[in-house]
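1. Below is the sequence, then the predicted model.
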Amino acid sequence: MIKYLYIGIDDTDSPDGMCTTYLASQIINKFGDNGIDLVDYPRLIRLNPFARHKTRGNGGVGLKILNDDNADIAKEIVLSEVEKLSMFDCDNTNPGVIFYDGEITSEMREYAFRAIYEFITIDEAEEFGKSVGCEIHKFKKGRGIIGSIASISLPLTDYTYELLAYRAPDNFGTKRQIDYESVYRMDDETFPDTFENIDYSQDYIAIEPKTPCPVLYGIRSNSVESLKSAKAIVEVGEPIDDWCIFKTNQHTDMHIQNASKISDMKQFGCYCVCGKVKNKPAIIDGGHMFFYIGDDSGEIECGAYEPTKNFRKTVSCLRPGDVIRVYGGIGEHNTFNIEKFQVIKLNDVEYKNPVCECGKRMTSAGKGKGFKCRKCGNKIESNEKVATKISRKLKNGWFYETPVSARRHLSKPLCRMF
């Protein structure tokens, strides 16, 4: 029977640099130098985007190799590279590494989904890891063991791939030299097999990171073949020191849980839920837009934040009485952060004062006194307003999503849904 060694790594980066995927690529290179081959592609697993103390992208890396005579060498390489490359100067960088040489159990799979849906403490992760036989290595607080266990355990029933090209170390922190015209050409030739390349509404090159990490660019796709074609099209003005393809749960909506009612949802969780719009969306200082949805169990505030840009214009078209299904997560202030929404049923009726025989819209004659016409003086005793069918910019059944520049790693774009 073939035995495998699973390796999980997480929490090695900081806002000032490094990337766990880059560290993994260096480990993979050293594996190759020692005759150690990976089984399948390395895994990049994104966790709960609303988790407290999360790393920059909140993603762990999982590797799988044969559990043979090279296993001890592999462990030495992993621990050495983590010690050498992790951003230990950052207070919030607390790497964790796990080694596991058994079968992935149902309990481990359940744990992985918990890491996406909920908040797991370091103590909980350590206790669980020991209970299933993980060899655990904590650096500083060792928070990374949470994602490390999840990165080897999560079943990928839906998955995408990401090709990450890395810069030469001398260029870390400098302006990236990417030929943007070639990125537009790449998108034109490979979309929708590749996606999230460009936000055309903002003229934003989404494959280019905006942090001083080692990544030169990242291209996301449904297939490895498309990634290799895309890489051949993108032109850069600096050396590509290395590149690696990861199998990942990005853009799968794996973080989204179905909530039957609003009261079932919990803070820091991610859900899709139906509700009726309670008020017209309003924008506040800072450019954020808010409104409420409700059902028989309660109501919740929904937010479309300033970084979502023109998505707020779409949200502003909602009106009281619309029934929508929202996708997103509940943040620190118990506001539902919208990633996308579907219109279930539009309220296309507005109740207005009746029109007078002379053609003028009538006004109230006072509480319980009917309506009167200011133009001709005509009065009617009825207090009933008239139902008027109105046109709507939104359409029943349609989905509306945030722009590429504001999209979360796990959020499934519409190009992958239809």
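-> Noted; the coordinates are in hand.

2. Need the three-state assignment for Asp187.
-> helix (DSSP: H, G, I helix; E, B strand; the rest coil).

3. I'd say it and Asp193 touch.
-> No - in this structure, Asp187 is not within contact of Asp193 by CB atoms under 8 Å, at 10.6 Å. Just so you know, the C-beta spots here come from the backbone N, C-alpha and C atoms, and that holds for glycine as well.

4. So between the two, which is more surrounded?
-> Per other CB atoms under 10 Å, whichever of Asp187 and Asp193 has more neighbours is Asp187, with 23 against 15.

5. now that we're looking at Pro15, how far away is Val234 from it?
-> 26 Å (CB to CB, to the nearest Å).

6. okay, those two: which has more neighbours?
-> A side-by-side neighbour count of Pro15 and Val234, using other CB under 10 Å, places Val234 first with 22 against 14.

7. which ones are touching that one?
-> Contacts for Val234 were tallied using CB atoms under 8 Å, 6 or more residues apart in numbering; they are 178-179, 182-183, 186, 207, 217, 219.

8. do Leu318 as well
-> By CB under 8 Å, 6+ apart, the contact list for Leu318 reads 277, 280-281, 291, 324, 394.

9. Turn those into JSON lines, including pLDDT.
-> What follows is the contacts of Leu318, written out as JSON lines (pLDDT from 0 to 100):
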{"residue": "Val277", "pLDDT": "98"}
{"residue": "Lys280", "pLDDT": "97"}
{"residue": "Pro281", "pLDDT": "98"}
{"residue": "Phe291", "pLDDT": "98"}
{"residue": "Ile324", "pLDDT": "98"}
{"residue": "Leu394", "pLDDT": "98"}
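
10. and Leu63, what element?
-> strand 59-66 (DSSP states H and E).

11. from the chain's centre, how far out does stretch 89-102 sit?
-> 22 Å (CA atoms, centre = their mean, to the nearest Å).

12. typed the wrong thing, it's stretch 223-231
-> That offset, for stretch 223-231, works out to 22 Å (CA atoms, centre = their mean).

13. repeat for stretch 281-299
-> 21 Å.

14. which other residues reach it?
-> If you take CB under 8 Å, 6+ apart as the criterion, stretch 281-299 is touched by 261-264, 273-280, 300-306, 312, 315-316, 318, 324, 326, 335-336.

15. just the buried members of the residues you listed?
-> 262, 273-278, 300, 302-305, 312, 315-316, 318, 324, 326, 335-336 (16 or more other CB atoms under 10 Å).

16. Among these, name the ones in helices.
-> 312, 315 (DSSP state H).

17. Tell me which of the buried ones among the contacts of stretch 281-299 fall in strands.
-> Within those, residues falling in strands by DSSP state E are 273-277, 300, 302-304, 324, 326, 336.

18. Val78: which of those residues is nearest?
-> Val78 lies nearest to Phe336 out of those, by CB to CB, at 39.3 Å.

19. Which residues lie in contact with that closest one in this structure?
-> Phe336 neighbours (CB under 8 Å, 6+ apart): 265, 271, 293, 300-303, 326, 328-330.

20. Check those residues against Asp241 and report the nearest one.
-> Gly329 (35.2 Å).

21. My assumption is that that closest one lies in a helix; please confirm.
-> No - according to three-state DSSP, Gly329 belongs to no helix; its state is strand.

22. The closest residue to it other than its chain neighbours: what's it in contact with?
-> Nearest non-adjacent residue to Gly329, counting by CB to CB, 6 or more residues apart in numbering: Cys270, 3.8 Å away. The contact partners of Cys270, taken as CB under 8 Å, 6+ apart, are 48-50, 116-117, 255-257, 328-330, 410.

23. ok, now with 6 Å
-> By CB atoms under 6 Å, 6 or more residues apart in numbering, the residues touching Cys270 are 255-256, 329.

24. What separation is there between it and Val97?
-> Cys270 is 27 Å from Val97, by CB to CB.

25. cool, and Lys276?
-> Relative to Val97, Lys276 is positioned 48 Å away (CB to CB).

26. thought Pro212 was touching Thr174?
-> No - contact between Pro212 and Thr174 fails when scored by CB atoms under 6 Å: they sit 8.4 Å apart.

27. Looking at the two, which is more packed in?
-> Pro212 (15 against 10).

28. need the contact list for the more buried one.
-> Pro212 touches 17, 173, counting by CB under 6 Å, 6+ apart.

29. now with 10 Å?
-> Taking CB atoms under 10 Å, 6 or more residues apart in numbering, we find Pro212 in contact with 14-18, 167, 172-174.

30. For ChimeraX, write a command that selects the buried ones of those residues.
-> A single ChimeraX command is used to select the members of these judged buried by 16+ other CB under 10 Å:
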select :14,17,18,167,172
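
31. which one among the contacts of Pro212 gets closest to Ile36?
-> Met18 (23.0 Å).

32. Spatially nearest residue to that closest one (excluding sequence neighbours)?
-> Among residues not flanking Met18 along the chain, Met87 sits closest, at 4.8 Å (CB to CB, 6+ apart).
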